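Peer 1: Could you look at this predicted model? Sequence included:
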Amino acid sequence: MHSYSDDSVTHCGLRSFERNNYFHGKLLDVFHFELEQNYLNGKRWLLNRLISGYGVVCGLDVLPARDGRGVYVTPGVALDRAGHEVIVPRQSAPVALPTRPPPPEGGEPKKDDYVHLCVLFQPCDTEPTPVLVDDCGKVTNCAAAAVQERYKLVIREGKAPDIACECQAPEVLLNGRINYATLVERVTRHCPVVPADLCIPLANICLNGNEPITATSVDICVRPIVYTNDLLFDIILSLTSDPAALRPRGGKQ
């Protein structure tokens with residue numbers, strides 16, 4: 001006998017998915033169309049979150065604005081910790097940085113005064129459309145006909161946490177061989193939860209008093225990155241001692 005639980009969400013942010021079962025004559029309404037979208041989106045976001053990981057996939061450089069008092073973000077793609085795809089399709093508008101009061105007379109501006117820039121997934125209702133039929137007595141004159149998946153840039157005080165580059169599972173190798181039992185324990189005992197804060201840090205920015213922002217004021221090494229298959233393969237090639245392996249691979253650039 002198979003056990004089955006219909007709990008909607010577990011402690012790991014997991015849930016049982018439900019999809020349409022089509023048959024001739026089935027009445028399709030808002031609920032069933034939303035069910036279809038939620039099924040496909042939910043499965044994709046789950047795979048992004050648990051298999052691909054989170055961070056910057058490509059692009060999203062942070063550069064000083066021309067006026068020296070802000071920064072802008074170049075086009076790119078990121079995945080947040082819920083698996084949402086955060087897409088910046090074109091160069092962003094300049095983001096103004098906070099100003100600081102001048103130092104006391106004769107004082108020096110703080111050299112370690114930092115803020116950090118984050119990007120967030122931001123769905124927005126669009127295409128307002130007249131509603132011709134009310135929803136079970138709920139009178140509504142207008143509703144959004146589409147949802148556009150946008151992004152939001154946020155400035156936060158202080159530095160973003162440093163990225164840990166140390167191995168998080170040194171016990172995986174035992175006497176030069178893979179310790180499979182340790183791998184099993186790591187996968188089995190840990191299932192990432194979806195945090196409340198889905199912010200993806202892009203850069204630390206040193207304000208240096210109210211001096212103009214330059215390229216040296218921006219540190220992008222605090223951003224998490226997604227290790228794509230191509231990137232992992234390049235890392236493996238760079239670690240090999242065979243110079244022939246450093247040749248272009250399969251015509252890829």
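Peer 2: All right, it came through fine. Small disclaimer: the values here were computed from a predicted structure and weren't measured.

Peer 1: OK, contacts around the residue positioned nearest the centre of the chain?
Peer 2: In the chain, the residue lying closest to the centroid (Cα atoms, centre = their mean) is residue 80, at 2.2 Å. By Cβ atoms under 8 Å, 6 or more residues apart in numbering, the contact list for residue 80 reads 54, 86, 120-121, 198-200. Heads up, the C-betas are built off the backbone N, CA and C, glycines and all.

Peer 1: mind listing what the nearest residue to it once chain neighbours are set aside touches?
Peer 2: Nearest non-adjacent residue to residue 80, counting by Cβ to Cβ, 6 or more residues apart in numbering: residue 198, 4.4 Å away. For residue 198, the contacting residues are 80-82, 84, 120-121, by Cβ under 8 Å, 6+ apart.

Peer 1: Show me how far the helix-or-strand element of the chain with minimal mean pLDDT is from its chain's centre.
Peer 2: Ranked by mean pLDDT, DSSP states H and E, the weakest helix or strand in the chain is strand 173-174, scoring a mean of 79. Relative to its chain's centre, strand 173-174 lies at 32 Å (Cα atoms, centre = their mean, to the nearest Å).

Peer 1: Repeat that for stretch 119-137.
Peer 2: Per Cα atoms, centre = their mean, the centroid offset for stretch 119-137 relative to its chain is 25 Å.

Peer 1: contact partners of it?
Peer 2: With Cβ under 8 Å, 6+ apart, stretch 119-137 has contacts from 60, 73, 78, 80, 82, 84-86, 88, 140-154, 198-200, 202.

Peer 1: mind running it again at 6 Å?
Peer 2: Outside of stretch 119-137, the residues within contact range by Cβ atoms under 6 Å, 6 or more residues apart in numbering are 80, 84, 86, 140, 142-153, 199-200, 202.

Peer 1: quick one: which of the residues you listed sit in strands?
Peer 2: Using DSSP state E, the subset of the contacts of stretch 119-137 located in strands is 86, 142-153, 200, 202.

Peer 1: of all those residues, which two lie farthest apart?
Peer 2: 142 and 202 (35.8 Å; Cβ to Cβ).

Peer 1: so what pLDDT did residue 193 get?
Peer 2: pLDDT recorded at residue 193 is 87.

Peer 1: Quickly note the distance from it to residue 23.
Peer 2: Distance of residue 193 to residue 23, computed by Cβ to Cβ, to the nearest Å: 38 Å.

Peer 1: neighbour-wise, which of the two wins?
Peer 2: Higher neighbour count among residue 193 and residue 23: residue 193, with 11 against 6, using other Cβ atoms under 10 Å.

Peer 1: all strands for the chain, in order.
Peer 2: 55-59, 62-64, 70-73, 76-79, 85-88, 95-96, 114-130, 142-157, 173-174, 177-178, 200-206, 218-219.

Peer 1: List the contacts of the first one.
Peer 2: In other words, strand 55-59. For strand 55-59, using Cβ under 6 Å, 6+ apart, the contacting residues are 74-78, 223-226.
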